[in-house]
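Asker: Need the 3D shape of this:
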Amino acid sequence: MRALVQRVSSASVTINDEIVGSIGAGLVILLGVTHDDDERDVAFLADKCVNLRIFRDDEDKMNRSLLDIKGEALVVSQFTLYGDTRKGRRPSFVDAALPVHAIPLYEKFISAVQSAGIGTASGRFGADMLVDIKNCGPVTLMIESRKA
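Answerer: This is a model prediction of the structure:
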């Protein structure tokens, strides 16, 4: 499981001209699922995202977590995180899990973040989404689960 995590001042996701999710300060988590991911990957990655110390403290150091700042999370499915561009000019997505495997793990990830006490919004799996991100910092990190 792989996540691109962006520290934001605000963010939203729009589908067919309708905002379906929005947050204030917190994290946008673009989540990719691969074939052999399971609930252990969900638990690891959700815990890492909510506890990652990437928000500034009073001394202007990245020393506070999403929990510490009482921030929010916008979780968006992103199969392209498993795009392989090593050969040719067209990405291969064979490493991305099929929806039958990915959707339940995506939904469990959202639930795990919510269970940690984080206000959570999300996109819609498989939809054509417009994600508006006000990246703060800018701070963007790639996080991978235990198998990476």
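
Asker: does the residue nearest to the spatial centre of the chain have beta-bridge partners, and which?
Answerer: For the chain, the residue nearest the mean C-alpha position is Ile29 (1.8 Å; C-alpha atoms, centre = their mean). Ile29 has these beta-bridge partners by DSSP bridges: Val5, Val75.

Asker: Which pLDDT does the model give it?
Answerer: As predicted, Ile29 sits at a pLDDT of 98.

Asker: show me the contacts for it.
Answerer: Neighbour list for Ile29: Ala3, Leu4, Val5, Cys49, Ala73, Leu74, Val75, Val76, Val113 [criterion: C-beta atoms under 8 Å, 6 or more residues apart in numbering]. Where you see a C-beta, it was placed from the backbone N, CA and C, and this is true even at glycine.

Asker: Next, count neighbours for the third one.
Answerer: Val5 is flanked by 22 other residues according to other C-beta atoms under 10 Å.

Asker: How about the fifth one?
Answerer: Close neighbours of Ala73, defined as other C-beta under 10 Å, add up to 27.

Asker: Equivalent analysis for the second one, please.
Answerer: Here the number of neighbours of Leu4 (other C-beta under 10 Å) works out to 17.

Asker: and the helix or strand of the chain with the lowest mean pLDDT, which residues are buried?
Answerer: One helix or strand of the chain scores below all others by mean pLDDT, DSSP states H and E: strand 130-144, with a mean of 94. Across strand 130-144, burial judged by 16 or more other C-beta atoms under 10 Å covers Val131, Ile133, Cys136, Ile143, Glu144.
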